[in-house]
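S.K.: Fold the stuff below for me.
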Amino acid sequence: MFTKAFAVGLAALGCGLGIGILGSKAAEATGRNPGAATPILVISIILAALVEGLFIIACFAAPELNFK
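M.R.: Got it, this is the predicted structure:
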């Protein structure tokens with residue numbers, strides 16, 4: 001059965017994977033172009049905050065879900 005806790009768990013899993021991929025690609029981009037490290041870091045921090053925001057929204061939206 002699909003529960004609210006399962007929905008929040010999937011949101012956490014998706015956000016964790018998203019931030020992991022983001023960090024991996026940021027490290028790869030910095031390795032390819034070390035001169036662009038500061039802009040890459042800034043963009044990575046902003047995107048990580050947006051992904052975290054999606055998880056927080058999912059946590060607040062989960063009690064509104066009605067599974068039957």
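
S.K.: report the longest helix in the chain, please.
M.R.: helix 4-32 (DSSP state H).

S.K.: helices or strands next to it in the packing?
M.R.: For helix 4-32, the helices and strands in contact under the criterion 3 or more Cβ pairs under 8 Å, 6 or more residues apart in numbering; DSSP states H and E are helix 37-61. Heads up, the C-betas are built off the backbone N, CA and C, glycines and all.

S.K.: Go through the helix it packs on and flag the buried ones.
M.R.: 40, 44, 47, 48, 51, 55, 58 (16 or more other Cβ atoms under 10 Å).

S.K.: For it, which outside residues touch it?
M.R.: Contacts to helix 37-61, defined as Cβ atoms under 8 Å, 6 or more residues apart in numbering, come from residues 7-8, 11-12, 15, 18-19, 22-23, 26, 29-30, 33.

S.K.: That helix: how far from the chain's middle?
M.R.: With Cα atoms, centre = their mean, to the nearest Å as the basis, the distance from the averaged C-alpha position of helix 37-61 to the chain average is 6 Å.

S.K.: If you tally nearby residues, what's the number for residue 33?
M.R.: For residue 33, the number of neighbouring residues by other Cβ atoms under 10 Å comes to 10.

S.K.: With residue 26 as the reference, measure out to it.
M.R.: Look at residue 33 and residue 26: by Cβ to Cβ, to the nearest Å, they are 11 Å apart.

S.K.: cool, residue 4 as well?
M.R.: 33 Å.

S.K.: cool, and residue 34?
M.R.: With the distance defined as Cβ to Cβ, residue 34 ends up 13 Å from residue 26.
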